[in-house]
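**Student:** Take a look and give me a structure for this.
(chains A and B)
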Amino acid sequence: GNSVTQMEGPVTLSEEAFLTINCTYTATGYPSLFWYVQYPGEGLQLLLKATKADDKGSNKGFEATYRKETTSFHLEKGSVQVSDSAVYFCALSVSNFGNEKLTFGTGTRLTIIP
Amino acid sequence: GAGVSQSPRYKVAKRGQDVALRCDPISGHVSLFWYQQALGQGPEFLTYFQNEAQLDKSGLPSDRFFAERPEGSVSTLKIQRTQQEDSAVYLCASRPTGLATDTQYFGPGTRLTVL
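**Tutor:** Below is the predicted model:
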């Protein structure tokens, strides 16, 4: 079956630090990969995605590269801000006639301190 | 434009009561998903609709859970005879097409507490 394993939290960093949140996956088929973010009091929203090997998704200074050889999609940001404090979810979706549901990791809570 | 909306945002039920949770997807979106999110966990798939057809209900945890989307727009998730283990946030998501590469847009969720 399909599964996502992501770095356990919580993660606490100082403002302007470098961020990496690890994500690896197992999938039957050829998945699309996503990072979703949940800010305090808000719903899940897409942060970035990549739909084929070696693609790089990017948004708001965050980046993640689809690595088929290591089955990974690690999230990175060069300089985090207090406003990046949120819960981050790695997810995948596999083309499957009749259902392309998202399979999520458990989430990583990130706190940035000034 | 308007996003996905869900109602109620919060629901408290006594064990054994029936509840109905509503989802209004983004207009014109073909696909609609329901997920269940337990505290401190990632969302888990419950069921999937393409237009009015329920194509997958493999994630529904028991026959007490039932979902419908009769006209291919609004959807309702119904839980009969609620149990404490049903306490969770129920998320609805819609997607413009049936493609795995396309983005799912999530509503704010309904937090269900069963006492």
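
**Student:** Please, which helix or strand holds the residue nearest in space to the middle of chain B?
**Tutor:** Per C-alpha atoms, centre = their mean, the C-alpha nearest to the average position across chain B is that of residue B:34, at 3.2 Å. Assigned by DSSP states H and E, residue B:34 falls within strand B:31-37.

**Student:** Could I get the CA-only coordinates of that strand as PDB?
**Tutor:** As requested, the backbone C-alpha atoms of strand B:31-37 are provided in PDB (Å, rounded to 0.1, in the frame of the first residue of the first chain):
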ATOM      1  CA  SER B  31     -14.100  15.500  -7.100                       C
ATOM      2  CA  LEU B  32     -15.000  15.500  -3.400                       C
ATOM      3  CA  PHE B  33     -13.300  13.800  -0.600                       C
ATOM      4  CA  TRP B  34     -14.000  13.200   3.100                       C
ATOM      5  CA  TYR B  35     -11.100  12.700   5.600                       C
ATOM      6  CA  GLN B  36     -11.000  12.100   9.300                       C
ATOM      7  CA  GLN B  37      -8.300  13.700  11.400                       C
END
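
**Student:** In its sheet, which strands sit next to that strand, and in what direction?
**Tutor:** Strand pairing for strand B:31-37, using DSSP bridges, gives strand B:44-50 (antiparallel), strand B:88-95 (antiparallel).

**Student:** So what's the residue count around residue A:103?
**Tutor:** 21 (other C-beta atoms under 10 Å in any protein chain shown). Where C-beta positions appear, they are placed from N, C-alpha and C, glycine not excepted.

**Student:** returning to what we had before: buried deepest among the strands paired with strand B:31-37, which one?
**Tutor:** Ranked by mean neighbour count, the strands paired with strand B:31-37 are led by strand B:88-95 with a mean of 24 (mean count of other C-beta atoms under 10 Å in any protein chain shown).

**Student:** re earlier: double-check the residue nearest to the centre of chain B against residue B:92; I have them as touching.
**Tutor:** Yes: using C-beta atoms under 8 Å, residue B:34 makes contact with residue B:92 at a distance of 5.8 Å.
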